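1. How does the following fold in three dimensions:
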Amino acid sequence: MGKAQKYVLLGDATYPLQDWILKPYQEDENLTQRQLQFNYRLKRAHSVIENAFLRLKARWQILLKCDDCSLELLPTLVLACCILHNVCEAHDNPFNEEWLEGTEPTELPKPCQPAPAAMEDGQAEQVRELMCQYFESCGEG
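-> Coordinates of the predicted model:
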């Protein structure tokens, strides 16, 4: 859309809108078709992420017990599992769907209440609007 953007994390409605946290528009009857499409695409992207982590936990079951390790170690542990997963795929050791049987999708911890409007970043709405325009320009999907 002609503007360089930083990476963003996907959040749900309980997170504050920040220039680095992309969250859906608040669901109500005043949403435009474009905003509804944006929310739909964000939900689809979020489900892809959830599925990826479910598969990662099924292959590397140490991630099911990550409450046993320190928070400082957790990003390194997840990164190591991602790298090992890619090595396995590169050496024709594909993911076995049966591994999913012992893994249940879990809700990641998130805020219980929506973030106060005061926590939202005014510049972040521009980022969300640019993404909304971009999604609209990509057509259906």
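2. what about Tyr15, neighbour count?
-> Counted with other Cβ atoms under 10 Å, the neighbours of Tyr15 add up to 18. Yep, even glycine has a C-beta here, placed from its N, CA and C like the rest.
3. likewise Tyr7?
-> Neighbours around Tyr7, by other Cβ under 10 Å: 6.
4. What helix or strand is Tyr134 located in?
-> Per DSSP states H and E, Tyr134 falls inside helix 124-137.
5. which of the residues in that helix are buried?
-> Ala124, Val127, Arg128, Met131, Cys132, Phe135 (16 or more other Cβ atoms under 10 Å).
6. dump the residue contacts of the residue lying closest to the fourth one once chain neighbours are set aside.
-> Yep, that's Met131 we're talking about. Leaving aside its sequence neighbours, Met131 sits nearest to Leu22 (Cβ to Cβ, 6 or more residues apart in numbering; 6.4 Å). Under the criterion of Cβ atoms under 8 Å, 6 or more residues apart in numbering, the contact list for Leu22 reads Val8, Leu9, Leu10, Gly11, Leu42, Val127, Arg128, Met131.
7. average pLDDT for the helix holding Tyr134?
-> What helix 124-137 shows for mean pLDDT is 87.
8. Next: stretch 31-49.
-> Stretch 31-49 comes out at a mean pLDDT of 91.
9. Around Leu17, how many other residues sit close by?
-> Count around Leu17 with other Cβ under 10 Å applied: 23.
10. do Val8 as well
-> 16.
11. so it makes contact with Tyr15?
-> No. Taking Cβ atoms under 8 Å as the definition, Val8 is not a contact partner of Tyr15, at 11.3 Å.
12. what residues are up against the closest residue to Gln123 other than its chain neighbours?
-> What sits nearest to Gln123 in space, not counting adjacent residues and going by Cβ to Cβ, 6+ apart, is Asp19, at 5.4 Å. By Cβ under 8 Å, 6+ apart, the contact set of Asp19 is Lys6, Val8, Asp121, Gln123, Ala124, Val127.
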